Structures are given as structure tokens and as C-alpha cells.
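Here is the input, now give the coordinates:
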Amino acid sequence: MNEYKCGNCRDGICAEGCSRHADKLNTYDWLADLPDNAASTELVEVQFKPPRKGYYLNTNKLELVKGDIVAVEGNPGHDIGTVTMTGRLVPLLLKKANLKPGTELKKIYRKARQVDMDKFAEAKAREHNTMIESRQIAKDLGLKMKIGDVEYQGDGGKAIFYYIADARVDFRQLIKVLADRFHVRIEMKQIGARQEAGRIGGMGPCGRELCCATWMTVFSSVSTSAARFQDVSLNPQKLAGQCAKLKCCMNYEVDQYVESLKKMPSREIVLHTKDNDYFFFKADILNHFITYSTDKHILAGEKIISAKRAFEIINMNRNGQKPESLTEDSVKVEETSADLLDQNNINRFDKKGGKGKRRKGRKDDNHKRPSQEEKKTNK
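Prediction:
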């Protein structure tokens, strides 16, 4: 039996699964190297101005591959987009899109011609100026909204205005003014702050591209309780992302922290020993280590013990017993300086006693520098 390979396979890796263009929210086609993959379904995924995508029917049986520019059915007219997915994976993505029941899919007309591309380029060139003018028009009308982006349809007959507003906006007058000014059909589409950040893009504090601009399509609500479970400082400047909302990544590990907190003692419990009373100060939740202080408000007499040792002392206190020391039979943890300035000191990496050490094999008698008097005598 001959092994099937498409024309783009190299060393067993199918290049058809990869994207030919750097757009947002791309999906790797892991079924691309299967035989007759493209002919298995009429459904085709087409991407327009990122991150807007649509699903269309290839009723004309066009030979389409990823990266082809096609003219599709619009409302009204036609639109121009890029094929980003064909074959067996498209129906699965269609289910993920959560389209309303009974939604009728539109058709793909043809591969884009030069005339279509000229109209498309002309329409795209108007988007930025249209956005700037529309913002001024909305401001003159006194509307409390921000127009974040404008997208023209491929034939230039329709424009989608993406806007952000905290409350309901009556933009009926705005639509009339925009239609008279730009002579196109107007569609207003409200988006949230996170969707706007995804459309603009950018880099996060982690050094990677924003999740909303690369792979995230569903935005779950984020609360400050996620920060509390992870013992993160409630600093608005650090918790907020570029959208001025709480960072979506705070939800990624919160379940693991909640599960780990079940193995930790309550922060309200005070540990009693024969030498002192210790109050909870902070915790390393994932490693199950707790820092206790002899003062309730500041760090004093710092002691770091394991959660297991803390439970042992709690059980002893309940039975009316007090251990000799808090750290008895506890896991030794390498002590670090509590002074932040000391931790940021660049000299902390130097070895102690490194200064003044002689090199190996060096003898003072043989390598002693001559004095000024010896130099004059030698001369």
C-alpha cells in the first residue's frame, strides 16, 4: 500500500496544516495529510480582517487550499477573504463557533480576480480615515461611545463599525450621518474591552503575544477572588491587562491553587509554643510552606515551616500541649534576606571571601613586585 503524501509534505510533516499568513486565531490542521481531505466536505473556513472568520459552502466545487483569496457571498454584494481551513476539521470548528440553530451558510462565488482585488485594496485604504472621521462625528453628536475599528466589505458597499460603550447607546442619528458621509451601508457592532485588545494586539508582561490576540475566543469573567486564592497582591496596576480589565491568565491556575489550599491550615489559627506565639504571615501554596511571624502586623522572628509541621502543632495545641520550638522536626528551608534591596544587590552572586585570594600556584616570594629602590639599584 502506497503512503499518501500531498504536494507540500516534507520529511513526514505536512505543510498544509500550517498557516501561510500570520493572522490571529489560526488553527493547525492536523488532518491535512489525509487522503481526499479537502473533498470530504463543502464547508470552508474563510478569514477576513482579523479576528473575524466565517464558514461558507463551496457549492461550485472549487479546488481551494489554505491561503487562497476568494470572493464570498455578502449582505449585500460580495466580500473578499482568505481560506484558512478546508476538509474534515471545518465541521468541528463550526460546532465550536456556536452558531444559532437554523443559520443558513452563505456560498463561495469564485477565486478572487484582479478586479476584485483592486476594489478590495481601495476599500481597505479608506478604513483608517473613516474611523478617525466617525469618532469625531460621534463626539459632535454627544454619544458616549468609542469607535475602535472600521472594516469595509470587499466590494466597498458596506462598512462595519466596531464600538465600545459602557451603557446603551442610541446611534440611530449616527447611522444616518455616517451613511450620508461615506455613502455605504452601515452596520454597528458592539464589542467589549477584551475584544478590542484582541483586535489591536500587543505583548503581555509575560513577554508573549496577548492570549486574546492569538488563540482565545471565549472570554470568561475574572474576579479578584482568583488573585486572593493565588496570594497575589491586590495591586490594580499589576492585575489589570492592556484592556484595563483583570488579566484573563489569572483564571488559568486558580483551580490548582484552590486544590492546594485544601492541604494548608487556616490563616486565622495562631500557633503556640513554649517560647512564643506565631501568627500567619505568608504562604508558598504550591510547595506547602508557611511563613510565621511573632508579630501580628509586621514580619518579626520569621519562621518557615511545612504545612505538615503546622498541622502537628495545631493538634498539639488542641490537646493542651506546646512544642519546644516551632521549627522542630521541620523541613529546613534555605533562608533568604527579607530586605528587598539586599536581594537586588548585584554583588549577592559573588562568593564570600573571593576578594584577596591568590591564584593557584602563585608564590609571594617569586612574584613579589620590586620596590622603587630595587628598580634604581638594578638600573
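
Could you use CA atoms for every contact and neighbour count after this?
Will do.

List phi and psi for the residue nearest in space to the middle of the chain.
Geometric centre of the chain, nearest residue: C211, 2.9 Å, by CA atoms, centre = their mean. Torsion angles at C211 (phi, psi; degrees, to the nearest 10) stand at phi -60, psi -40.

likewise T214?
phi -120, psi -50.

Correct me if wrong: it contacts N26.
Yes. The pair T214 and N26 qualifies as a contact (CA atoms under 8 Å) at a distance of 7.4 Å.

if I look at the residue nearest to the centre of the chain, how far off is T217?
From C211 across to T217, the span is 9 Å (CA to CA, to the nearest Å).

And the helices in the stretch 201-350 of the chain?
Applying DSSP state H, counting those that start in this stretch to the stretch 201-350 of the chain gives helices spanning 211-214, 224-229, 236-239, 254-261, 307-318, 340-343.

now the ones you listed in CSV, with distance to R267 and mean pLDDT?
Output for the helices of the stretch 201-350 of the chain, formatted as CSV (distance: least, CA to CA, whole Å; pLDDT from 0 to 100):
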stretch, distance to R267, mean pLDDT
helix 211-214, 34, 86
helix 224-229, 12, 90
helix 236-239, 23, 87
helix 254-261, 11, 93
helix 307-318, 11, 93
helix 340-343, 24, 56
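
Make JSON lines out of the ones you listed and add distance to K274.
Formatted as JSON lines, these follow (distance: least, CA to CA, whole Å):
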{"stretch": "helix 211-214", "distance to K274": "52"}
{"stretch": "helix 224-229", "distance to K274": "32"}
{"stretch": "helix 236-239", "distance to K274": "41"}
{"stretch": "helix 254-261", "distance to K274": "28"}
{"stretch": "helix 307-318", "distance to K274": "11"}
{"stretch": "helix 340-343", "distance to K274": "31"}
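
what about those helices, which gets the closest to C248?
The closest of the helices of the stretch 201-350 of the chain to C248 is helix 211-214. By CA to CA, the value is 8.2 Å.

what's the distance between that closest one and the middle of its chain?
In this view, helix 211-214 has its centroid 6 Å away from the chain centroid, taken as CA atoms, centre = their mean, to the nearest Å.

I186 versus Q173, what's the distance?
12 Å.

which of the two has more neighbours?
In this view Q173 and I186 are compared by other CA atoms under 10 Å, and I186 has more residues nearby, 18 against 10.

out of everything not next to it in sequence, what's closest to F311?
Leaving out its chain neighbours, the residue that sits closest to F311 by CA to CA, 6 or more residues apart in numbering is P265, at 6.8 Å.

and the one you found, backbone torsions?
With angles defined as degrees, to the nearest 10, P265 sits at phi -70, psi 160.

Then H288?
Torsion angles, degrees, to the nearest 10, at H288: phi 60, psi 50.

What segments of the stretch 51-200 of the chain are strands?
When assigned using DSSP state E, counting those that start in this stretch, the strands of the stretch 51-200 of the chain occupy the ranges 53-57, 69-73, 78-86, 106-111, 146-152, 158-164, 185-190.

Nearest to G201, out of the ones you listed?
Shortest distance between G201 and the strands of the stretch 51-200 of the chain, using CA to CA, is found for strand 146-152: 12.7 Å.

Other residues contacting the closest one?
Here strand 146-152 makes contact (CA atoms under 8 Å, 6 or more residues apart in numbering) with 49, 123-124, 127-128, 130-131, 134-135, 158-165, 196.

can you do 6 Å?
For strand 146-152, contacts defined as CA atoms under 6 Å, 6 or more residues apart in numbering pick out A123, E127, M131, R135, K158, A159, I160, F161, Y162, Y163, I164.

will you turn the residues you listed into a markdown table that also has pLDDT, neighbour count and distance to A97?
Formatted as a markdown table, the contacts of strand 146-152 follow (pLDDT from 0 to 100; neighbours: other CA atoms under 10 Å; distance: CA to CA, whole Å):
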| residue | pLDDT | neighbour count | distance to A97 |
| --- | --- | --- | --- |
| A123 | 93 | 19 | 28 |
| E127 | 94 | 17 | 27 |
| M131 | 95 | 18 | 28 |
| R135 | 94 | 17 | 31 |
| K158 | 94 | 24 | 24 |
| A159 | 94 | 23 | 23 |
| I160 | 94 | 17 | 20 |
| F161 | 95 | 21 | 22 |
| Y162 | 94 | 20 | 20 |
| Y163 | 94 | 19 | 22 |
| I164 | 92 | 19 | 22 |
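
Specify which member of those residues is nearest to F289.
I164 (44.9 Å).

show me what contacts that closest one?
M145, K146, Q190, I191.

What is the neighbour count of the first one?
So the one you mean is M145. 18.

I'd like to know how far the residue lying closest to it once chain neighbours are set aside sits from A193.
Nearest residue to M145, sequence neighbours excluded (CA to CA, 6+ apart): A165, at 4.7 Å. Between A165 and A193 the computed distance is 9 Å (CA to CA).

Could you identify the buried members of the contacts of I164?
For the contacts of I164, a burial check counting by 16 or more other CA atoms under 10 Å picks out M145, K146, Q190.

Send me stretch 285-305 as CSV with only the CA atoms.
Presented in CSV, the C-alpha positions along stretch 285-305 are these (Å, rounded to 0.1, in the frame of the first residue of the first chain):
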residue,chain,number,x,y,z
ILE,A,285,0.9,27.5,48.4
LEU,A,286,2.2,25.1,45.8
ASN,A,287,5.2,23.9,47.8
HIS,A,288,3.1,23.8,51.1
PHE,A,289,5.4,26.0,53.2
ILE,A,290,4.2,28.7,55.6
THR,A,291,6.0,31.7,57.0
TYR,A,292,5.0,32.7,60.6
SER,A,293,5.8,35.8,62.5
THR,A,294,5.9,36.7,66.2
ASP,A,295,4.1,40.0,65.4
LYS,A,296,0.6,40.1,64.0
HIS,A,297,1.2,43.1,61.7
ILE,A,298,4.8,43.0,60.7
LEU,A,299,7.4,40.3,59.9
ALA,A,300,9.4,39.7,63.1
GLY,A,301,11.0,36.5,64.3
GLU,A,302,10.5,34.8,60.9
LYS,A,303,10.0,31.1,60.9
ILE,A,304,9.3,28.9,57.8
ILE,A,305,7.7,25.5,58.4
